[in-house]
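Novice: Show me the folded form of this:
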Amino acid sequence: MTMSVDWYLRRLSRMGPREVGGRVGDAVRRRRWRSARPHCPSVTGARFTAVLPAGTIAAIAPDAAKRLIAEADRLMYGHAEYFGVVRDDLVRPDWWYDPKTGRRAPWGYAFDVPYRNEDAVGDIKQIWELSRHQYLTVLAAAYAITGNERYAERVAEHLRSWWAANAPLRGVHWISGIELGIRLLSWVWIRRLLDGWPGAAGLFEGNPVALNQIWHHQRWLAAFPSRGSSANNHVIAEAAGHFAAACAFAWFPSSARWRAGALRSLERHLRGNTFDSGLNRELATEYHGLVLELGLAAVAEADAAGVPVPASIRPVLLRMTDALAAVVDNRLRPPRQGDADDGHGLVVDGTGTDRWASLLATGDAVFGRLAWWPAVTGTDVRTPLLAALIKPYSKNGTAPAVPRPASRPAHFADAGLTILRGPAEIWCRCDGGPHGFLSIAAHAHADALSVEVRHDGVDVLADPGTYCYHGQPLWRQYFRSTLGHNTLQLDGGDQSVSGGPFLWTRQARTRVLAVDTSDASDGGTARWCAEHDGYQPSVHRRRVELTAAKQELRVVDEVRGPRRDVRLAFHLGPAIAADLVGNRAALTWMRDGEGRSAVLDLPRQLNWQAHRGETDPPLGWYSAGFGRKEPATTLVGTGCADGAALSGEFTTVLRFRG
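Specialist: Reported below is the predicted structural model:
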């Protein structure tokens, strides 16, 4: 995908004067850097002191260590999977190769590489992911746990290979700040986890090539921060990685200045990216997890180095942790809202470790769990590592007292997110929030008033996910479209207008009209009502009621305004089998070896059809993770809505059995 002149004009229209000025300065600097490449200042007597306290490794649970070592052994054999693509070539990786398309990114000055053009470069996510070096943190952790030097030697071999192949400002790995930031964070943890290996100092502080790379990474991040309408999770990754390196690798004349600048940026943008309720403003759940991981990792570096952090940082992370605990279902799965690209801040765990349970375990260790938090029974490697470095909140004399919820929050007014809970572990997310974050709302979907319903952790009415970013515009369009969500579409268009894969030029405005999140498990009825203006002059209003005694969810859609063509979609999870007869669908699925069922009564005014795995155009798909998709049933009703007549109101009832 290449960006047209029209796209650049649309993108420019979403920037303010300050951002435009900053980007002009960036362009001038890039041109100047093409020929002016300073050398890393000489470093003598460098030492790495940000080591783990004694006893940290011994605190890792045996089953978590076992999963990690199994993952490390797979990596030693060269096996890994990234975004649905299985690789077996990682013993000696080609750092510029995309295994999905078979293409190899071109060499040259970094800012000349057309990284958005898949025909020229390949799938940029596939190329970038390996060079975040998070698989190397897994290998380094395996060394720390076992003492087996073969893991450390493989890490050293790959780092030296990467450094040799990716000279500063040359090639695809010097384009994106988020990649540099996460890579620096990985290098900090690699050095920490390899401490005790005889070759660790010679690989890092005693290695001029490593010093040159670390210095140039930090110089780059200081010069090219994400700005204005792009200051989302990217700028936090840049600041966190830059700060971590400036703390742990404080070997350069500019280290103190870099550390202070990165910390200012982290504090400002961590606050700016987070609602007062604790939810991430991008309203994309996986980025909530990414930002929380990055923030915790940055605080760990500050405490390890004895660097005080602004008083606002820890309370933001505390609120984010409480918000995560509030929104997960009974299986600790959070909402599948907005974009998701499987991005992590720090990876030191093996396959099978639950990301969200790990974050809650770390939150418990650092902040302390509240009585209403869900139980976390799993184990992980990352929690004892971070907890060994981060000062517990209650023992941190500089941390301000923060009021925490006395009971489990269900309605987050600033984020427009509401969770209705009922008996038999019924969980329903209602979306009445803003259309993403900042002027471009890069990671938003056109999903206003959508619902997401689970039964004992199984997706029944599912958010289909994300699947892809670059290179497949038809699929990108589908997975972020209104039709691609459990909501109502008018006249075949989206509620919000897309101007590109990470750009919305007109955004629907949503407001919540009424909320009653009384505990439906006590026999009552929880209610939610909201509307949006994305289809002006019409207004789409939706009411949702969850009645405990009946195990029933009722969704009423109302269209106010002139007569419009309607499509109402309900996307079923991949585990759900559906038998559609007329306007009734019998749903069945398995959970832990037991059969479960429900009945979905659909509006009679619409003509209903089941769609599954269709490609022209796409319809009936579910993406469990980035780069992966599978067929799933989507029920679509078509007809007309007349705001002046009964046909303008549509009632859907979902009844769970047993």
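Novice: tell me the secondary structure for Ala361?
Specialist: helix (DSSP: H, G, I helix; E, B strand; the rest coil).
Novice: What score does the closest residue to it other than its chain neighbours have for pLDDT?
Specialist: Spatial nearest neighbour of Ala361, excluding adjacent residues (Cβ to Cβ, 6 or more residues apart in numbering): Thr383 at 4.5 Å. Backbone N, C-alpha and C define where each C-beta goes, glycine included. pLDDT for Thr383: 98.
Novice: gap between Thr383 and Gly345?
Specialist: The gap separating Thr383 from Gly345 is 14 Å, by Cβ to Cβ, to the nearest Å.
Novice: And for Ile190?
Specialist: From Ile190 to Gly345 the distance is 15 Å (Cβ to Cβ).
Novice: starting at the chain centroid, how far to the one helix or strand Ala598 maps to?
Specialist: Here Ala598, judged by DSSP states H and E, is contained in strand 594-601. From the chain centre to the centre of strand 594-601 is a distance of 31 Å (Cα atoms, centre = their mean, to the nearest Å).
Novice: Tell me which strands it pairs with, and in which orientation.
Specialist: strand 584-591 (antiparallel), strand 649-657 (antiparallel) (DSSP bridges).
Novice: Could you list the buried residues of that strand?
Specialist: By neighbour count on 16 or more other Cβ atoms under 10 Å, the buried set for strand 594-601 is Arg596, Ala598, Leu600, Asp601.
Novice: Looking at the first one now. What's its pLDDT?
Specialist: You'll see Arg596 listed with a pLDDT of 95.
Novice: likewise the third one?
Specialist: In the predicted model, Leu600 carries a pLDDT score of 98.
Novice: that older thread, what about the residue nearest to Ala361, how many residues nearby?
Specialist: Thr383: 27 surrounding residues under other Cβ atoms under 10 Å.
Novice: Please apply the same query to Asp557.
Specialist: Asp557 - counted by other Cβ under 10 Å - has 21 other residues nearby.
Novice: Kindly report the same for the one 5 residues further on.
Specialist: The number of residues packed around Pro562, counting by other Cβ under 10 Å, is 11.
Novice: In a helix, it, correct?
Specialist: No. Assigned with three-state DSSP, Pro562 falls outside any helix and is coil.
Novice: which other helices and strands contact the helix or strand of the chain with the lowest mean pLDDT?
Specialist: Within the chain, no helix or strand scores below helix 5-13, which has a mean of 81 by mean pLDDT, DSSP states H and E. If you count contacts as 3 or more Cβ pairs under 8 Å, 6 or more residues apart in numbering; DSSP states H and E, helix 5-13 packs onto strand 497-500, strand 503-506.
Novice: what comes into contact with it?
Specialist: Helix 5-13 is contacted from outside by Met3, Val20, Ile440, Gly499, Gly500, Leu503, Thr505, using Cβ atoms under 8 Å, 6 or more residues apart in numbering.
Novice: Give the buried residues for that helix.
Specialist: Buried residues in helix 5-13 (16+ other Cβ under 10 Å): Trp7, Arg10, Arg11.
Novice: Can you tell me how far the first one is from Leu503?
Specialist: Look at Trp7 and Leu503: by Cβ to Cβ, they are 8 Å apart.
Novice: contacting residues around Gly278?
Specialist: With contact taken as Cβ under 8 Å, 6+ apart, Gly278 is in contact with Val316, Leu318, Arg319, Met320, Thr321, Asp322, Ala323, Leu324, Phe412.
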